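Asks: What shape does this take:
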Amino acid sequence: MLHYTENALFHQSQSTWEQLLNSSYNPSLHFISKLFKSYTKQNKFNEIINILHSLSSKKLTLLPQFYSLAISCFGAAGKVKLMEETIDEMVSKGFQIDSKTGNEILLCYSVFGSLNEMENAYGRFKRSRFLIEENVIRAMSYGYLKKRKFYELGQFVRDVGLGRRNVGNLLWNLLLLSYSANFKMKSLQREFVRMVELGFRPDVTTFNIRALAFSRMVVSDLVTYGCVVDAYLDRRHGRNLEFVLNKMDVDDCPWLLTDPFVFEVLGKGDFHLSSEAFMECKTQQHEWSYRVLIKKYLKKQHRMDQIFWN
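Replies: The predicted structure follows:
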């Protein structure tokens, strides 16, 4: 039957299914799962409904799981109406929706529904006391970000629980992003400090969010670019450097706007020192750009690494 379905031989598939129904055969969860997925690939959703109804007439013990499989297939395909009708039918039979199915329903609304539908679904999900999974958190967060609902995003991640550690820094990074998007720098810094105090270790995404937020608040100079470049290279995150630099004006002419007293205390970074040495080789400053300086610096660092390992 799976062979017929996967090869779009639906008449033969239907005939085989009728033979199975009239026999003593009780289909396994694995078989029905593969069958539903095969019909989903072929966009034959009515066949899934027909099979579900025929299974319902046999009063099998696995019937609740069969309903969950159908709901999962409808949700993944964005068939919201079919999914809702199947949920209603399942509940009317007295079957409970489990955590996995609840997450899949919420994921469907997050991807294919409106913001209002998503939030209503989340309200129902919370009342069931299920634990929201990471992929669903990401999907809901993206729903808020698409609509630029940054305050609502912050409220959502707080509601999920910033203390959760099985999703890494995801919730904290989303909270910081909600503040940085509206340039609420004091709140951004306050929550970052709280994140560290609670034992969470900032990652490259945390750094990017803060760096991008601060870079948009001030006019960047040679020192600013140096801080970004050196921070990434020191932490072996050179491959991620292009991401943050794409948000900055790398084709601008380099300028040094930082007051010299800063260097008396903190010194100059490697990129800063190298860039000054490069620019001393040319008298025409307008030929230089941050992009050119970064390329030369990265090439220099690569040569040094090769010498070290040789």
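Asks: Helices of the stretch 1-150 of the chain, residue ranges please.
Replies: Ranges of helices in the stretch 1-150 of the chain, per DSSP state H, counting those that start in this stretch, are 2-6, 10-21, 29-41, 45-56, 63-76, 80-92, 99-112, 115-127, 134-146, 150-160.
Asks: Format these as CSV; extra columns: mean pLDDT, distance to His302 and mean neighbour count.
Replies: For glycine as for every other residue, the C-beta is placed from the backbone atoms N, C-alpha and C. Output for the helices of the stretch 1-150 of the chain, formatted as CSV (pLDDT from 0 to 100; distance: least, CB to CB, whole Å; neighbours: other CB atoms under 10 Å):
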stretch, mean pLDDT, distance to His302, mean neighbour count
helix 2-6, 90, 50, 16
helix 10-21, 90, 59, 14
helix 29-41, 94, 47, 17
helix 45-56, 92, 55, 17
helix 63-76, 96, 45, 22
helix 80-92, 95, 52, 16
helix 99-112, 96, 42, 21
helix 115-127, 95, 47, 15
helix 134-146, 95, 35, 18
helix 150-160, 96, 39, 18
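Asks: Mind putting those into CSV with distance to Leu198?
Replies: CSV is the format used below for the helices of the stretch 1-150 of the chain (distance: least, CB to CB, whole Å):
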stretch, distance to Leu198
helix 2-6, 50
helix 10-21, 55
helix 29-41, 41
helix 45-56, 46
helix 63-76, 34
helix 80-92, 37
helix 99-112, 26
helix 115-127, 23
helix 134-146, 18
helix 150-160, 13
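Asks: Leu298 is nearest to which of those?
Replies: Leu298 lies closest, by CB to CB, to one member of those: helix 134-146, at 31.5 Å.
Asks: centroid residue for this protein?
Replies: Residue closest to the average C-alpha location in the chain (CA atoms, centre = their mean): Arg138, at 4.3 Å.
Asks: if I pick that residue, what's in contact with it?
Replies: Arg138 sits next to Leu170 when contact means CB atoms under 8 Å, 6 or more residues apart in numbering.
Asks: what about it, distance to Asn208?
Replies: As judged by CB to CB, to the nearest Å, Arg138 and Asn208 stand 17 Å apart.
Asks: and if you look at Glu6?
Replies: Using CB to CB, Glu6 is found at 44 Å from Asn208.
Asks: from what I can see Asp203 touches Leu176, true?
Replies: No: taking CB atoms under 8 Å as the definition, Asp203 is not a contact partner of Leu176, at 11.3 Å.
Asks: Which neighbours do these two have in common?
Replies: With CB under 8 Å, 6+ apart, Asp203 and Leu176 have no common neighbours.
Asks: Ser114: neighbour count?
Replies: Here the number of neighbours of Ser114 (other CB atoms under 10 Å) works out to 11.
Asks: in the stretch 201-310 of the chain, which spans are helices?
Replies: Counting by DSSP H, counting those that start in this stretch, the helices of the stretch 201-310 of the chain are 204-215, 222-234, 241-245, 261-266, 270-280, 290-309.
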